[in-house]
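Asks: Show me how the following folds:
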Amino acid sequence: MKTLQILFLSILCFSALGVGFIFIMNPTFPFGLSSSLLSGTPFNDFFLPGLLLMVLVGGPCLISLIYQLQDKASAFSWTIFASGVFMVWLIIQLAIWSEHLLFQWGYMVDRKSTRLNS
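Replies: Below is the predicted model:
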């Protein structure tokens, strides 16, 4: 069980730190994403979301991972905290982008159905 926990923490930690770093290094066009995806959000580019992702999600995950590997007593508490921060991050992300994502999904479904009916 502990091995699985370390594996999941590693994936979450290095994903958050890596993606956050890429967002910070190339805030206007990371991974080929246009900053126009952020229209209607409080962000102009991906710099601040990348910084928040690294600090708020990657930081607690990294601390939790290190404590898990060192078998410290507070490892469980840090894992619960890191998991909670990640869930809050996902909820906020969905709240900010859900309307935009639903619109894109609806557009894609409409395009596919139009092609199938022609």
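
Asks: Surely residue 62 and residue 18 touch.
Replies: No. At 11.7 Å, residue 62 does not count as touching residue 18 under the criterion of CB atoms under 8 Å. For every residue, glycine as well, the C-beta is placed using N, CA and C.

Asks: who has more neighbours, these two?
Replies: More crowded of residue 62 and residue 18, by other CB atoms under 10 Å: residue 62, with 20 against 13.

Asks: how close does that one get to residue 92?
Replies: 20 Å (CB to CB, to the nearest Å).

Asks: now residue 27
Replies: 19 Å.

Asks: Where does pLDDT dip in this structure?
Replies: Along the chain, the parts satisfying pLDDT under 70 run over 98-118.

Asks: and if we set it to 90?
Replies: 1-2, 5, 28-46, 90-118 (pLDDT under 90).

Asks: residue boundaries of the helices in it?
Replies: Assigned by DSSP state H, the chain shows helices spanning 2-25, 47-52, 59-70, 75-117.

Asks: neighbours of residue 9, just the number please.
Replies: Per other CB under 10 Å, the neighbour tally for residue 9 reads 24.

Asks: residues contacting residue 42?
Replies: Listed by CB atoms under 8 Å, 6 or more residues apart in numbering, the contact set of residue 42 reads residue 96.

Asks: Distance check, it against residue 30.
Replies: Going from residue 42 to residue 30 by CB to CB gives 18 Å.
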